[in-house]
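*Asks:* only geometry, no sequence info:
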């Protein structure tokens, strides 16, 4: 019984000691932000006092409330609230950074002191701006072409070529989104109305539209003996276009090979496999060229051309919207051709030669 009482007392003393320690720890935790704040305030006052003394010794001599040299006075400015006189302090910083102040012939502190004052002012201005940013007022203005196309894409999920719908925007200092120069003239309003009609038709669709044809041509100076970016690997030459199909329906894709004025096609002396792709997937593959085709072309170029054109025509259903359409020739070998001593870089440089690649 006696031993039990002693253990209980020790237990009570242990609880009291633990409670006291917890109270001390809690008081320390609660007081630490206040201590940190007081310490920061003390450091700020100390830094402010040092910079104030520097200003009073080297700057107020000329920039006092009485003299106001250059129209600037720093005598009454508060270093603890630099945001109230931010414009003046910006001028002071520029003069200090380039070494213009104090002027030549006047007492000057060490460069370290000048840099310290400039850094103190810059840090104070940055902190004041970060605490209360004011980027200014955005002036309302019309959208430029790029912004208009982006708005159409975001609203209607429709990619449009604004350069084909609207005239170029006026620029100011190299920028085409300046409100002062983005005027709205009557003729520009007509272009915006016309663009809205075209875009709304594309976005909604009209089943009553008549069939139309869009023709895309390979540049005459584009070499057809190398791989073209965007086309499948293992191919050479060809064409890649982005076309917008207005409605769900059946469409004809026609591939035409270059021919000279005599209807003779280039590259028919060797067999070639030409493929047509829709959104990167092959939809058709045709073989052209070889001994048989070359002889038929030599015998009757016009009839042979019509046959090849029919062979390179595909009809298929396509969903409305933008799609990537491409045509290319499968690459048979990376070996250098030995039929010409020095092949032309551009295969269409000669309008009469029919040897080479189609």
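*Replies:* Cool, the structure landed. Please read these numbers as outputs of a predicted model, since none were measured by experiment. Numbering: from 1, shown residues only.
*Asks:* Please identify the buried residues of stretch 190-208?
*Replies:* Within stretch 190-208, the residues that count as buried by 16 or more other Cβ atoms under 10 Å are 195, 199, 202. (Glycine included, C-beta is placed from N, CA and C.)
*Asks:* can you tell me which of the residues you listed are in helices?
*Replies:* Here DSSP state H is the test, and those give 195, 199, 202 as lying in helices.
*Asks:* The buried residues of stretch 190-208 into a markdown table, with extra columns for distance to residue 72?
*Replies:* Below are the buried residues of stretch 190-208 laid out as a markdown table (distance: Cβ to Cβ, whole Å):
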| residue | distance to residue 72 |
| --- | --- |
| 195 | 53 |
| 199 | 56 |
| 202 | 61 |
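*Asks:* could those residues go into JSON lines alongside pLDDT?
*Replies:* Shown next, in JSON lines, are those (pLDDT from 0 to 100):
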{"residue": "195", "pLDDT": "93"}
{"residue": "199", "pLDDT": "90"}
{"residue": "202", "pLDDT": "81"}
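*Asks:* Quick check: closest non-adjacent residue to residue 263.
*Replies:* residue 301 (3.7 Å; Cβ to Cβ, 6 or more residues apart in numbering).
*Asks:* In contact with the one you found, which residues?
*Replies:* By Cβ atoms under 8 Å, 6 or more residues apart in numbering, the contact set of residue 301 is 259, 262, 263, 264.
*Asks:* From those residues, list just the buried residues.
*Replies:* For the contacts of residue 301, buried by 16+ other Cβ under 10 Å: 259, 264.
*Asks:* what's the helix or strand for residue 87?
*Replies:* Residue 87 is part of helix 86-97, with elements assigned from DSSP states H and E.
*Asks:* Show me what that helix is in contact with.
*Replies:* Contacts for helix 86-97 (Cβ under 8 Å, 6+ apart): 72, 74, 77, 82, 101, 114-115, 117-118, 121-122, 124-125, 128.
*Asks:* from the residues you listed, which ones fall inside helices?
*Replies:* 114, 115, 117, 118, 121, 122, 124, 125, 128.
*Asks:* any idea how far the second one lies from residue 53?
*Replies:* Right, the one you point to is residue 115. With distances taken as Cβ to Cβ, to the nearest Å, residue 115 is found 16 Å from residue 53.
*Asks:* before we move on, what about the fourth one?
*Replies:* Plainly put, residue 118 is 16 Å away from residue 53 if you go by Cβ to Cβ.
*Asks:* Between these two, tell me which one has more neighbours.
*Replies:* residue 118 (17 against 10; other Cβ atoms under 10 Å).
*Asks:* check contacts around the more buried one.
*Replies:* 93, 96, 97.
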